[in-house]
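In: I'd like to go over a predicted model; first the sequence, then the structure.
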Amino acid sequence: MTIKTAFIGLGVMGYPMAGHLSKAGFEVCVYNRTRARAEQWVEQYPGRVADTPGRATVGSDLFNSRAN
């Protein structure tokens, strides 16, 4: 069973943490205040970008949030 997770906030901590989850086999959906940062993340790791924090969590088994 693949665990679906949402990751909100791709800053200094969030970006690599979400990447580790993706590499470990989690299905990751990311959201970041600046969409360009989220797009950069999906170029580097398997996953998808959500338009809003709420949409990132739809269907997720768990979520992580990292704020400034």
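Out: Yep, it's here. Numbers count the residues shown, from 1 in each chain.
In: for the spatially most central residue of the chain, what are its contacts?
Out: Taking CA atoms, centre = their mean, the centroid of the chain lies closest to Val30, which sits 2.6 Å from it. Val30 sits next to 6-8, 10, 18, 38, 41-42, 47-50, 56 when contact means CB atoms under 8 Å, 6 or more residues apart in numbering. The way it works is simple: take the backbone N, C-alpha and C, and place the C-beta from them, glycine included.
In: quick one: buried residues of whichever helix or strand Ser22 is part of?
Out: When elements are assigned from DSSP states H and E, Ser22 belongs to helix 14-23. By neighbour count with 16 or more other CB atoms under 10 Å, helix 14-23 contains the buried residues Gly14, Tyr15, Met17, Ala18, Gly19, Leu21, Ser22.
In: returning to what we had before: quick check: bridge partners of the residue nearest to the centre of the chain?
Out: The residues paired with Val30 through beta bridges, assigned by DSSP bridges, are Phe7, Val49.
In: so how far is Thr52 from it?
Out: Distance of Val30 to Thr52, computed by CB to CB, to the nearest Å: 12 Å.
In: and Cys29, how many neighbours?
Out: 24 (other CB atoms under 10 Å).
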